[in-house]
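Q: this one's structure only:
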């Protein structure tokens, strides 16, 4: 039954997770909380690892959550069910966009979706910050400095992999 719930939840996440992997994080967090599959700290750790591992963050996160929940079978079910809606939607959209690419209704609807995608990504960042106590007094100046440096480097189009690696090195140097 657990594998069935993993399939259903990650299929829904894949189906409604517009905006890519980072926009799916709040949906994953909601499913994890609803079913109590893993702790909030484990979820935050999984997102951090999935974001720094090669490949799409949504698929990586689904696999890690599935694995933590139900082993190798859970990892496969969660990843495949998360990818299936994208496959179906891309096939459908390819046909529709070829026919209706210049339709004003389509371009207006996409224009309306863009701010929601940004909001979902921002929401995921704030929730993770709260779970990691980044908005409390327990965070020291070095952590804020690392966060600010990361934002500046990412804004300057430095590779996220390089930024993550650099922040890990700074963590080792600062905190031993």
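A: Yep, it's here. Fair warning: this is a prediction, and the values are worked out from it, not measured in the lab. Residues are numbered from 1 along each chain as shown.
Q: for this protein, which spans come out with low pLDDT?
A: In the predicted model, the chain carries pLDDT under 70 at residues 137.
Q: the helices in it, which residues?
A: Here the chain has its helices, by DSSP state H, at 2-16, 21-35, 40-52, 57-100, 104-131, 141-155, 160-175.
Q: Okay, angle between the first one and helix 21-35 too, please.
A: Note on geometry: by axes from the mean of the first three to the mean of the last three CA atoms, to 10 degrees, helix 2-16 and helix 21-35 are set 140 degrees apart in direction.
Q: same check, this time on the fourth one
A: Following the same axes, to 10 degrees, one obtains 120 degrees for the angle between helix 57-100 and helix 21-35.
Q: Just list what helix 57-100 packs against, helices and strands only.
A: For helix 57-100, the elements it packs on are helix 2-16, helix 21-35, helix 40-52, judged by 3 or more CB pairs under 8 Å, 6 or more residues apart in numbering; DSSP states H and E. The way it works is simple: take the backbone N, C-alpha and C, and place the C-beta from them, glycine included.
Q: quick check: angle from that helix to helix 40-52?
A: Using the same axes, to 10 degrees, helix 57-100 lies at 60 degrees relative to helix 40-52.
Q: Repeat that for the first one.
A: Angle, helix 2-16 to helix 40-52, by the same axes, to 10 degrees: 60 degrees.
Q: quick one: contacts of helix 2-16?
A: By CB atoms under 8 Å, 6 or more residues apart in numbering, the surrounding residues in contact with helix 2-16 are 24, 27-28, 31, 34-35, 58, 62, 66, 69-70, 73-74, 77-79, 81-86, 89.
Q: Need the buried ones from these selected in PyMOL.
A: Here is the PyMOL command that picks out the buried ones among these, judged by 16 or more other CB atoms under 10 Å:
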select buried, resi 24+27+28+31+58+62+66+69+70+74+77+78+79+81+82+83+85+86
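Q: Could you count how many residues lie near the nearest residue to residue 25 once chain neighbours are set aside?
A: Excluding its sequence neighbours, the residue lying closest to residue 25 (CB to CB, 6 or more residues apart in numbering) is residue 124, at 3.9 Å. The local packing of residue 124 (other CB atoms under 10 Å) involves 20 other residues.
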